[in-house]
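no sequence for this one, just the structure:
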């Protein structure tokens, strides 16, 4: 048995060994997507140079700038021309039906939204430098949640300001002062609903992109490369009209030599 095993080891053809080795390499071949390699939540590997052109062309960056501009318009409109009075009055009242809460709501929302836009713009600049995938995930989820919250708050503000503007009495503002400012605040509050909702949508897309990219970090076998490896462990090699590796199973069978010699029988113990 040992002698026969030694003879088989000595008779192994180098091409057969090379073919078997190639099959093993094919089985462990790893395929990665070149597009998704090194990407996490819409940004590349940390440490890259900041590109301002690419940054300002991103959809969520454009939406943040628009939301930032809308918050300035809303705050400025109410702060500058949102308070009026009658000719015989010295005290000024809120132009929205003299409801101080309406003006306070618009001023508060405009101020906080302005600061929030600046904070997220700064986060967008710093985001590619974040090396931790978990920290990137938290930042993207915060973007989705905060943007959805602001979209809802601007919807409430739009409805509130519109209602108070409709029920405002004409005798409280006989000179029609501040009408354009009130309409501007209502209009840009309406626009802010969609800009913040779009930010939440694009943030969710970045979150899905990060989850999909994680799939490409796992090794898998390419079916086209592994098609030949799904059959027998190795194929026969033909040399001088004789087949190598062709024989019956190990238990009580024979083996054909390389030089066409007679079969060597053996019994498994």
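In hand now; what should we look at? Please read these numbers as outputs of a predicted model, since none were measured by experiment. Numbers count the residues shown, from 1 in each chain.

For the protein, which helix extends over the most residues?
helix 179-215 (DSSP state H).

which other helices and strands contact that helix?
When contacts are defined as 3 or more Cβ pairs under 8 Å, 6 or more residues apart in numbering; DSSP states H and E, helix 179-215 sits against helix 59-81, helix 100-126, helix 133-166. Heads up, the C-betas are built off the backbone N, CA and C, glycines and all.

Can you tell me which of the ones you listed is packed in deepest?
helix 59-81 (a mean of 20; mean count of other Cβ atoms under 10 Å).

What pairs with the helix or strand following that helix, parallel or antiparallel?
Once helix 59-81 ends, the next helix or strand along the chain (criterion: DSSP states H and E) is strand 83-84. Using DSSP bridges, strand 83-84 pairs in its sheet with strand 93-94 (antiparallel).

Quick check, residue 128 in contact with residue 51.
No. Taking contacts as Cβ atoms under 8 Å, residue 128 lies outside contact range of residue 51: 9.3 Å.

Between those two, tell me which one has more neighbours.
residue 128 (21 against 10; other Cβ atoms under 10 Å).

pLDDT wise, what is residue 57 at?
Listed pLDDT for residue 57 reads 89.

how close does it get to residue 147?
Remark: distance between residue 57 and residue 147 (Cβ to Cβ, to the nearest Å) = 19 Å.

about what we covered before: the helices and strands packed on helix 179-215: which one's closest to residue 181?
If you check each of these against residue 181 by Cβ to Cβ, helix 59-81 wins as the nearest, at 3.6 Å.

For the closest one, name the packing helices and strands.
helix 100-126, helix 179-215.

Over the last one, what's the mean pLDDT, rounded is fine.
To tie it back to what came earlier, the one meant is helix 179-215. So the average pLDDT for helix 179-215 ends up being 87.

List the buried residues for that helix?
By 16 or more other Cβ atoms under 10 Å, the buried positions in helix 179-215 come out as 181-182, 184-193, 195-204, 206-207, 209-210, 213.

Run the angle between that helix and helix 59-81 for me.
160 degrees (axes from the mean of the first three to the mean of the last three Cα atoms, to 10 degrees).

do the first one as well
With the same axes, to 10 degrees applied, the angle from helix 100-126 to helix 59-81 works out at 150 degrees.

counting contacts, what elements does helix 100-126 pack onto?
Checking 3+ Cβ pairs under 8 Å, 6+ apart, helix 100-126 ends up next to helix 59-81, strand 93-94, helix 133-166, helix 179-215.

With distance to residue 119 added, can I get those in a markdown table?
Output for those, formatted as a markdown table (distance: least, Cβ to Cβ, whole Å):
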| stretch | distance to residue 119 |
| --- | --- |
| helix 59-81 | 10 |
| strand 93-94 | 29 |
| helix 133-166 | 9 |
| helix 179-215 | 13 |
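
Of those, give the one that comes closest to residue 107.
Across those, residue 107 has its closest neighbour in helix 59-81 (5.5 Å, Cβ to Cβ).

relative to helix 133-166, how tilted is that closest one?
Using the same axes, to 10 degrees: helix 59-81 against helix 133-166 is 30 degrees.

got a list of contacts for helix 59-81?
With contacts defined as Cβ atoms under 8 Å, 6 or more residues apart in numbering, helix 59-81 is touched by 55-56, 95, 103, 106-107, 109-111, 113-114, 117-118, 120-121, 124, 143, 150, 177-178, 180-182, 184-185, 188-189, 191-192, 195-196, 198-199, 202-203, 206.

ok, now stretch 184-203?
By Cβ under 8 Å, 6+ apart, stretch 184-203 touches 59-60, 63-64, 66-67, 70-71, 73-74, 77-78, 82, 106, 109, 113, 140-141, 143-145, 147-148, 150-151, 154-155, 157-158, 161-162, 165.
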